[in-house]
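>>> can you look at this prediction? I've put the sequence above it.
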Amino acid sequence: DFHLGSGTTAAVAHKMGRRYIGVEQMDYIETVSVERLKKVISGEQGGISKSVLWQGGGSFVYLELAKANQHLVEQIFEAKNESTLSVIWEKMQEKAFISHRIDLNKGNFYKAEFESLNFAKICFMFRFAIWKTRILA
């Protein structure tokens with residue numbers, strides 16, 4: 001369920017003995033979704049509980065994914081000049097998670113075009129590329 005929300009789909013799947021994955025990007029996951037699944041495990045009797053003879057039990061794993069390239073995003077926002085951005089670019093090519101749609105093997109990824117941009121445009125390009133990658137991740 002890519003919009004876990006209050007956890008209804010996960011709760012029903014759990015009670016039916018099915019495997020499930022819930023994804024939520026909002027901050028309320030800990031206070032709403034996770035708490036609801038804890039109640040399901042403890043035997044909460046709402047929804048389909050009676051029809052499936054739900055008595056509680058089981059477990060679930062809750063993970064919070066790290067934001068892809070967050071450290072690079074912070075460095076880009078703190079950068080004051082092109083030379084700092086150039087160092088960040090080198091780090092990005094070596095260690096960053098970059099979308100599969102970007103081919104870094106194409107001649108140092110358009111180095112001439114990159115070097116012709118001014119500082120503001122480079123910052124924008126980096127922020128946009130990393131933001132797009134974060135959404136894809």
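Noted; the coordinates are in hand.

>>> please pull out the lowest mean pLDDT helix or strand from the chain.
Every helix and strand of the chain was ranked by mean pLDDT, DSSP states H and E. The lowest is helix 107-116, at a mean of 59.

>>> same question for stretch 20-30, mean pLDDT?
The pLDDT scores in stretch 20-30 average 84.

>>> buried stuff in that stretch?
20, 22, 24, 29 (16 or more other Cβ atoms under 10 Å). C-beta here means a position set from N, CA and C on the backbone, and glycine is covered the same way.

>>> tell me which residues of stretch 34-41 are tucked away?
Buried-residue list, stretch 34-41, by 16+ other Cβ under 10 Å: 34, 36-37, 40.

>>> hmm, I was thinking of stretch 74-90
Buried-residue list, stretch 74-90, by 16+ other Cβ under 10 Å: 75-76, 79, 82, 85, 88-89.

>>> would CSV of the residues you listed with distance to Gly57, secondary structure and pLDDT be doable?
Converted to CSV, those look like this (distance: Cβ to Cβ, whole Å; DSSP: H, G, I helix; E, B strand; the rest coil; pLDDT from 0 to 100):
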residue, distance to Gly57, secondary structure, pLDDT
Gln75, 46, helix, 86
Ile76, 47, helix, 82
Ala79, 52, coil, 85
Glu82, 59, helix, 78
Leu85, 53, helix, 81
Ile88, 49, helix, 83
Trp89, 51, helix, 79
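
>>> re earlier: can I get the buried residues of stretch 34-41 in CSV with distance to Gln93, secondary structure and pLDDT?
What follows is these, written out as CSV (distance: Cβ to Cβ, whole Å; three-state DSSP; pLDDT from 0 to 100):
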residue, distance to Gln93, secondary structure, pLDDT
Val34, 38, helix, 92
Arg36, 43, helix, 95
Leu37, 41, helix, 95
Val40, 45, helix, 97
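
>>> show me which of these is closest to Cys123.
Val34 (36.7 Å; Cβ to Cβ).

>>> nearest residue to the closest one in space, please, no chain neighbours.
What sits nearest to Val34 in space, not counting adjacent residues and going by Cβ to Cβ, 6 or more residues apart in numbering, is Tyr62, at 5.4 Å.
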